[in-house]
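**Student:** When you get a sec, could you give me coordinates for this:
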Amino acid sequence: MTPEPETTNPQDDPGMVVRREVLGDDYVDRATAAATDVTRDFQRFVTTYAWGGVWTREGLDRRSRSIVTLTALVAGGHLAELELHLRGALRNGLTRSEIAEVLLQTAVYCGVPAANSAFAVAQRVLTEP
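**Tutor:** Predicted coordinates for the structure are as follows:
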């Protein structure tokens, strides 16, 4: 699948709007500025399909999408992305207690070692000022 072409103003793209709201302007600015000929299409793909195609759907609210995303990242062992999405979950209105409950739930279904690693990441992120 080829990503759709960029809109005239990428800031008006619905996927970019949601991506910025969830991940924060600083992260998105760094990610897009660091795009190269090798990664540029992937950046567009993520913005168009993940953020614009899935995160903008009405079927789940952003809090629920964050819960699903945190669980999937723990299950896959994607700790760098987990760190990023823990911050996004806070922006989406999850409390620290709710995040801890999500991670505890992952211990049962994703495994204790995966949850242990996830809690270590969460401890670092959730105690940031």
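**Student:** residues contacting V125?
**Tutor:** E83, L86, R87 (C-beta atoms under 8 Å, 6 or more residues apart in numbering). All C-beta atoms are positioned from the backbone trio N, CA, C, and that covers glycine.
**Student:** mind listing the helices in the chain by residue range?
**Tutor:** Listed in chain order, the helices of the chain (DSSP state H) span residues 14-23, 25-33, 40-45, 62-76, 79-91, 96-109, 112-126.
**Student:** So for L104, what's the nearest residue that isn't a sequence neighbour?
**Tutor:** A115 (7.1 Å; C-beta to C-beta, 6 or more residues apart in numbering).
**Student:** The one you found touches V74, doesn't it?
**Tutor:** Yes - the pair formed by A115 and V74 meets the contact definition of C-beta atoms under 8 Å, at 6.5 Å.
**Student:** Look at those two and report which has more neighbours.
**Tutor:** Neighbours per residue (other C-beta atoms under 10 Å) separate A115 from V74, with V74 holding more: 26 against 21.
**Student:** So that one is in contact with A114, correct?
**Tutor:** Yes - assessed by C-beta under 8 Å, V74 is found in contact with A114 at 5.2 Å.
**Student:** tell me, what's touching the two both at once?
**Tutor:** In contact with both V74 and A114: T106, using C-beta under 8 Å, 6+ apart.
**Student:** Any chance of a PyMOL selection covering the buried ones in the contacts of V125?
**Tutor:** The following PyMOL line selects those of these that are buried, judged by 16 or more other C-beta atoms under 10 Å:
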select buried, resi 83+86+87
